[in-house]
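Colleague: Task: produce atomic coordinates for the following.
(one chain, ligands or ions: 3)
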Amino acid sequence: MQSKPSFVLRNPSVNKGTGFNNEEREKLGLKGLLPPKVETLQEQSDRALSQFTSFNTNLERYIFLNCLRDRNETLFYYLLSNNLELMMPIIYTPTVGEACQKFGNEFRFAQGMYFASRDKGNIRAMMDNWPADGVDIIVVSDGSRILGLGDLGTNGMGIPVGKLQLYVAGAGFHPTRTLPVIIDSGTNTKKYLEDKYYLGERHPRIPDSEYYPLVDEFLAAAYNKWPKVIVQFEDISNDHCFTLLDEYRNKYLCFNDDIQGTGSVILSGFINAVRSVQKPIKEHRMVFLGAGSAGIGVADCIMSLFDEAGISKEEARKSFWFVDSKGLITTTRGDELTSQKKQYAREDYTYQLKSLLEVVRDVKPTAIIGLSGIGGSFTQEIIEEMAKHVEKPIVFALSNPTTNAECTAEQAYQWTDGRCIFASGSPFKPVEYKGKTFVPGQGNNMYIFPGLGLAASVCEAKHVTDAMIITAAKTLASFVEDSEVLTGKIYPGLQHIREISTRIAVKVIEKAYEEGMAQLPRPACIETLVKSRQYIPNYENSNN
Ligand SMILES: NC(=O)C1=CN([C@@H]2O[C@H](COP(=O)(O)OP(=O)(O)OC[C@H]3O[C@@H](n4cnc5c(N)ncnc54)[C@H](O)[C@@H]3O)[C@@H](O)[C@H]2O)C=CC1
Ligand SMILES: CC(=O)C(=O)O
Ligand SMILES: [Mg+2]
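Modeller: Residues are numbered from 1 along each chain as shown. Ligands and ions are numbered 1, 2, ... in the order given. Sure, this is the predicted structure:
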């Protein structure tokens, strides 16, 4: 490849830094521009790892990694892929949450694309500014509900960026073919509107009459420019996300990660928790704290287990109790419920239960599922009350980041005397309790979206269906052996994410063919096709 040296060394997609061999240095006119030693990718990675560990704070490590990505993409993905467990909590939850909150302060260079209301009418033309040849996947947020941190506006860009890094490292999307997007529809967070470093549009969120046409124009433009692209909606507040999903799920190739990805990963964890406690699904009583996009998405997916057990929807709903900021959701509560809440509203309560503790006392749940964004809301009293009535309580504290988790892993094991099956959205370290080591599971959609997205992209799916989402959940669950499940392990180790994503992709593609959703002619071997499409970070694959 003939190119100006300054360009090659400053283009992260092709830059190898000290990895350029002598022949390449000669050919590309790089002689004298690099220190003499030619290094292998492994040697470069060893140095980068040592630099990574030398920082004092996780935010510094986050900045270091993103700057590395901006210099040498191959090295970044090689380092990340080989140190995923160490680096996941940095590029993803919890550190990405802090990085978003400080996005304006720590901004160094632009990534992805931004579309604001004033761009209305020009979005398709703006997309031609994106420098890559093609785009296979877009993660789009409007920053309105970033993890459990609320409305961060344009600062939310860290989330699409981080999710796409997982798509590359976890599933093998090609990094140059991923596009993080922020639809800047303003922010209602005063702190950011008044922050001199805030980089978004400085106005309150636009009304629905402007919001929906803006998103519609963005999607139409994206599918016009990249007809096979898959779009993942991410961290969009629940006043919009359900409407967007309903509107577009049968029009374009898209899905909502917080509703469907979370639904799938928690269904998977629940399947294994049910295997672990050895109690049939119809005997479970599930209390949800939080009835937003994630809570409803999870319940909708768990409903499939009742369906498989031959239990009607009407009957199955009696196993769910939802608590939101106003208490137990009932048909008699007196407030206007959204259609999503209505389907799970209890009809059998003539009295009102205002607090989670009251609900737990009343229901004696076998599972308590936190997707409220409220840190510490599973108190000792609540968990102890639950543990009185159940031999192996299922405690899922799934809100992110770590500070927003409903309880910590340590608390859950202590308060249930080591009997609970625990999972959290953000990672917790193993817990020593009464001479035993408990390894908490991470119930996070990161196990699902890379493989699901890969499947949809590779087989050129028309749409992402519920059956594909449930297939992904079951495939993930199958990674945990019976013997492991009995010890309380419900998710496989993260270090196997590539294998997991590959298997999820294969199974989801098979389902897509079964359902007539796959548009690519059926290949002789789906696994071979999937593997042939996966990016592996090494210099042999680069263009030089
Ligand atoms: N582990 C994972 O993979 C995922 C975790 N999440 C986390 O779940 C949390 C919620 O996400 P979404 O459902 O998308 O948000 P959301 O805003 O759609 O829903 C939040 C729900 O919590 C309820 N709530 C708020 N304050 C409450 C209180 N004091 N008591 C009881 N309920 C209360 C709200 O009424 C609402 O029903 C966030 O922290 C997010 O990070 C979301 C998606 C995936
Ligand atoms: C994990 C995730 O998608 C969330 O917390 O929103
Ligand atoms: Mg999310």
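Colleague: Please make it C-alpha for all contacts and neighbour counts, starting now.
Modeller: Noted.
Colleague: Residue 148 against residue 398, yeah?
Modeller: No. Counting by CA atoms under 8 Å, residue 148 stays clear of residue 398, with 10.1 Å between them.
Colleague: Neighbour count for these two, which is higher?
Modeller: When neighbours are counted by other CA atoms under 10 Å, residue 398 comes out ahead of the other of residue 148 and residue 398, with 30 against 20.
Colleague: name the element the closest residue to residue 403 other than its chain neighbours belongs to?
Modeller: Leaving aside its chain neighbours, residue 403 sits nearest to residue 375 (5.7 Å; criterion: CA to CA, 6 or more residues apart in numbering). Here residue 375, judged by DSSP states H and E, is contained in no helix and no strand.
Colleague: Pull the number of nearby residues for residue 375.
Modeller: 21.
Colleague: so it sits right up against residue 398, yeah?
Modeller: No. Residue 375 is beyond contact range of residue 398, at 10.0 Å (criterion: CA under 8 Å).
Colleague: any residues in contact with both of the two?
Modeller: Taking CA atoms under 8 Å, 6 or more residues apart in numbering as the contact rule, residue 375 and residue 398 both touch 405-406.
Colleague: gap between residue 208 and residue 239?
Modeller: Distance of residue 208 to residue 239, computed by CA to CA, to the nearest Å: 10 Å.
Colleague: packing partners for the helix or strand where residue 181 lies?
Modeller: Secondary structure from DSSP H and E places residue 181 in strand 178-184. Using 3 or more CA pairs under 8 Å, 6 or more residues apart in numbering; DSSP states H and E, the elements in contact with strand 178-184 are strand 113-116, strand 137-141, helix 158-166.
Colleague: Repeat the analysis, applying 6 Å as the threshold.
Modeller: When contacts are defined as 3 or more CA pairs under 6 Å, 6 or more residues apart in numbering; DSSP states H and E, strand 178-184 sits against strand 113-116, strand 137-141.
Colleague: right, and those - which one's nearest ligand 1?
Modeller: Checking the helices and strands packed on strand 178-184 against ligand 1 by CA to the nearest ligand atom gives strand 137-141 as the closest, at 12.1 Å.
Colleague: Could you spell out the sheet neighbours of the closest one, each with its direction?
Modeller: For strand 137-141, the paired strands and their directions (DSSP bridges) read strand 178-184 (parallel), strand 230-233 (parallel).
Colleague: Any chance of the ones you listed in TSV with distance to ligand 3, mean neighbour count and mean pLDDT as columns?
Modeller: Output for the strands paired with strand 137-141, formatted as TSV (distance: least, CA to the ion, whole Å; neighbours: other CA atoms under 10 Å; pLDDT from 0 to 100):
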stretch	distance to ligand 3	mean neighbour count	mean pLDDT
strand 178-184	14	25	98
strand 230-233	9	24	98
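Colleague: Let's have those in JSON lines, adding distance to ligand 1.
Modeller: Shown next, in JSON lines, are those (distance: least, CA to the nearest ligand atom, whole Å):
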{"stretch": "strand 178-184", "distance to ligand 1": "17"}
{"stretch": "strand 230-233", "distance to ligand 1": "11"}
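Colleague: Mind putting the ones you listed into JSON lines with distance to residue 337?
Modeller: Output for the strands paired with strand 137-141, formatted as JSON lines (distance: least, CA to CA, whole Å):
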{"stretch": "strand 178-184", "distance to residue 337": "28"}
{"stretch": "strand 230-233", "distance to residue 337": "24"}
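Colleague: so what's the residue nearest to residue 403 up against?
Modeller: 403-406 (CA atoms under 6 Å, 6 or more residues apart in numbering).
Colleague: and with 7 Å instead?
Modeller: 403-407 (CA atoms under 7 Å, 6 or more residues apart in numbering).
Colleague: Out of those residues, grab the one that's most surrounded.
Modeller: Ranked by neighbour count (other CA under 10 Å), the contacts of residue 375 have residue 406 at the top, with 28 neighbours.
Colleague: List the buried residues in stretch 231-250.
Modeller: For stretch 231-250, burial by neighbour count (16 or more other CA atoms under 10 Å) applies to 231-238, 241-242, 244-245, 249.
Colleague: Show only the entries of these found in helices.
Modeller: Using DSSP state H, 241-242, 244-245 are the members of the buried residues of stretch 231-250 that sit in helices.
Colleague: Residue 322 belongs to a strand?
Modeller: Yes. According to DSSP: H, G, I helix; E, B strand; the rest coil, the state of residue 322 is that of a strand.
Colleague: from now on call the first residue 22
Modeller: Yep, numbering from 22; the last one is residue 343 now.
Colleague: got the contact list for it?
Modeller: 308-312, 349-350, 365.
Colleague: Could you export the residues you listed as a markdown table, including neighbour count, distance to ligand 2 and secondary structure?
Modeller: Below are the contacts of residue 343 laid out as a markdown table (neighbours: other CA atoms under 10 Å; distance: CA to the nearest ligand atom, whole Å; DSSP: H, G, I helix; E, B strand; the rest coil):
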| residue | neighbour count | distance to ligand 2 | secondary structure |
| --- | --- | --- | --- |
| 308 | 23 | 19 | strand |
| 309 | 25 | 16 | strand |
| 310 | 26 | 15 | strand |
| 311 | 21 | 13 | coil |
| 312 | 25 | 14 | coil |
| 349 | 25 | 23 | strand |
| 350 | 26 | 23 | coil |
| 365 | 23 | 22 | coil |
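Colleague: how about those residues in TSV, adding distance to residue 375 and pLDDT?
Modeller: Listed next are the contacts of residue 343 as TSV, based on distance: CA to CA, whole Å; pLDDT from 0 to 100:
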residue	distance to residue 375	pLDDT
308	14	98
309	14	98
310	12	98
311	13	98
312	15	98
349	6	98
350	9	98
365	17	98
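Colleague: could you pick out which of those are near ligand 1?
Modeller: 310-312 (CA under 6 Å from any ligand atom).
Colleague: For the nearest residue to residue 277 once chain neighbours are set aside, list the residues it contacts.
Modeller: With CA to CA, 6+ apart as the criterion, residue 277 has its nearest non-adjacent residue at 4.6 Å, and that residue is residue 254. By CA under 7 Å, 6+ apart, the contact set of residue 254 is 160-162, 276-278.
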